[in-house]
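Novice: Return a 3D structure for these sequence lines:
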Amino acid sequence: MSLDTSPVPELSAQQRRCNLLLMLYAPLEAVQLENVGQINGVDLPTTQKDIAQLSADVQRLHRLEIIVTGEQHCQLYGSLLDKRICLIDGLRRAIRSSPDFVNRRFSPQLKQLLSQMPNVDNVHYEEQFPRIIERLSQQLNREFTGRDEQFLRLFLQICLWQNISPTQLEFTDQQRLWLHDKPEYIAASLVFDKLQTLCAEPIAECERDFITLLLRLIKNHSYESSGSDEDRKLMREIEELVAHFQDVSGMRFSSYEGLISQLFAHLGPAIERCRFAITVDSQMQDEVNRMYPRLMRTTRDALEGFKDAYQITFSDEEVGLVAVIFGAWLMQGNALQEKQILLLTDADAELEQAVEQQIREATLIPLNIKYQTLDDFHQQGAPSGVAMIVTPYPTQTIDADPLIIFTQLPLTKEERKRIRSLLEAH
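Specialist: Numbers count the residues shown, from 1 in each chain. The predicted structure is shown next:
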């Protein structure tokens, strides 16, 4: 099957990478770099940069590898489950940001391939798909958007195509038990049974489990529409999580319902990610660890009960995303502002960085810590808007507002209490 290489409008880097990812899943043995460039309307060096960036992304997020051969072909390597999960993200993103490629190239290729396969009745599939969506909607009490329907139509066709040379999807016993206990399992069974009627060969039983996971991963967790037993349990666990965070931190959220709603939308899919080792895209984790050590530690402590309830383990990235949610609502709900801290420096950079870290450890709220030398401070004074001045070096006694704090490491309990009180004051 040849790729359509007619001219295309100028595409963004994101659109080009969306297209490239789908080409790696297209029903072709290998993707030629020359064709990729023609389809995306860019030269070979740009295509190579796109491949390098996409390769880094899929390796970091999905444990997959893109290999480019000496013949300038590229292929995607990794486990089938990791490939499928990567495609869930990639296809949904492409439908949003690169619909022309999906509609004019990817979808027609897939339809043409299936129409040529004697053991798959794709015509019947196309006719029955609206009924499949209707049954899913009724069974799950869930509305599917037009994009959802397009996504499911294509993804199930990909499952049918890949089942022709059956490659077993690998789930652990614990993962299978988890999936079989979900309401999506009954809905997935309806889809699986219907697909089986369209195939001359038996569909691998593991596809039933995968369709369950697929329906789980595309669920929109909405606080307003939570009515199932599962969602009610999630709501109770989140309420306990918030209460635990407040106990550990000694702070209160005034905008309670908004916080609960955002945590519900985030933690619902986070449970599935933790269960199936799906990496969350959080490239700022090192920065979060450095900037908000106390918030991270408090969040990790607060999540202990939630982890036990669902028998999962949170990665640092998952903890970091929850911590950012808590931090944002602490600031908003308590009308707190980011505090400007001035750290007076001299000749010991390692000591100064240790002091900065100790200050960050003293509070949950975000801090903007700026550095100024002692000499400049004595000559020019502090910049405007500074809430506190801290230094590990003896300095001239100056009547200053805000207060100058001279500290030696480690901070005493009283010093930490004093710093926190000043920083968290309204």
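Novice: buried stuff in stretch 23-41?
Specialist: 23-25, 27-28, 31, 33, 35-40 (16 or more other C-beta atoms under 10 Å). (C-beta placed from N, C-alpha, C; glycine too.)
Novice: Output that stretch as PDB - backbone C-alpha positions only.
Specialist: C-alpha atoms of stretch 23-41 as PDB (Å, rounded to 0.1, in the frame of the first residue of the first chain):
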ATOM      1  CA  MET A  23       2.600   6.500  10.500                       C
ATOM      2  CA  LEU A  24       4.600   4.100  12.800                       C
ATOM      3  CA  TYR A  25       1.300   2.400  13.600                       C
ATOM      4  CA  ALA A  26       0.000   2.400  10.000                       C
ATOM      5  CA  PRO A  27      -0.500  -1.000   8.300                       C
ATOM      6  CA  LEU A  28       3.000  -0.800   6.700                       C
ATOM      7  CA  GLU A  29       6.000  -2.900   7.400                       C
ATOM      8  CA  ALA A  30       8.300   0.100   7.800                       C
ATOM      9  CA  VAL A  31       8.100   3.900   7.300                       C
ATOM     10  CA  GLN A  32      10.400   5.600   4.900                       C
ATOM     11  CA  LEU A  33      11.900   8.900   6.100                       C
ATOM     12  CA  GLU A  34      11.500  10.300   2.600                       C
ATOM     13  CA  ASN A  35       7.800   9.700   2.700                       C
ATOM     14  CA  VAL A  36       7.500  11.200   6.200                       C
ATOM     15  CA  GLY A  37       9.100  14.400   4.900                       C
ATOM     16  CA  GLN A  38       6.800  14.500   1.900                       C
ATOM     17  CA  ILE A  39       3.700  14.000   4.000                       C
ATOM     18  CA  ASN A  40       4.700  16.600   6.600                       C
ATOM     19  CA  GLY A  41       6.000  19.000   4.000                       C
END
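Novice: Need the max-distance pair from the buried residues of stretch 23-41.
Specialist: The distance between the two most remote of the buried residues of stretch 23-41 (C-beta to C-beta) is 20.5 Å, for Pro27 and Gly37.
Novice: hey, where'd the helices end up in the stretch 51-200 of the chain?
Specialist: Using DSSP state H, counting those that start in this stretch, the helices of the stretch 51-200 of the chain run over residues 80-97, 99-101, 107-115, 122-140, 146-162, 173-180, 183-197.
Novice: Output those helices as a markdown table; include the columns mean neighbour count and mean pLDDT.
Specialist: Shown next, in a markdown table, are these (neighbours: other C-beta atoms under 10 Å; pLDDT from 0 to 100):
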| stretch | mean neighbour count | mean pLDDT |
| --- | --- | --- |
| helix 80-97 | 19 | 95 |
| helix 99-101 | 17 | 94 |
| helix 107-115 | 17 | 90 |
| helix 122-140 | 15 | 93 |
| helix 146-162 | 18 | 93 |
| helix 173-180 | 15 | 95 |
| helix 183-197 | 18 | 94 |
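Novice: out of these, which comes closest to Tyr393?
Specialist: The nearest among the helices of the stretch 51-200 of the chain, by C-beta to C-beta, is helix 80-97 at 50.3 Å.
Novice: can you give me the strands for the stretch 201-350 of the chain?
Specialist: Per DSSP state E, counting those that start in this stretch, the stretch 201-350 of the chain has strands spanning 339-345. These are given in chain order.
Novice: Okay, helices next: where are they in it?
Specialist: Ranges of helices in the stretch 201-350 of the chain, per DSSP H, counting those that start in this stretch, are 206-217, 229-249, 256-275, 285-291, 293-302, 304-310, 316-333, 349-361.
Novice: Would you mind finding the most buried of those?
Specialist: helix 206-217 (a mean of 22; mean count of other C-beta atoms under 10 Å).
Novice: Could you figure out how far that one is turned away from helix 122-140?
Specialist: For helix 206-217 against helix 122-140, the angle by axes from the mean of the first three to the mean of the last three C-alpha atoms, to 10 degrees is 50 degrees.
Novice: per-domain residue ranges of this protein.
Specialist: Following automatic domain parsing, the chain resolves into domains at 117-220, 223-333, 339-423.
Novice: Redo the buried residues of stretch 23-41 as TSV? Include pLDDT.
Specialist: Listed next are the buried residues of stretch 23-41 as TSV, based on pLDDT from 0 to 100:
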residue	pLDDT
Met23	93
Leu24	93
Tyr25	89
Pro27	69
Leu28	62
Val31	86
Leu33	89
Asn35	89
Val36	91
Gly37	91
Gln38	91
Ile39	91
Asn40	93
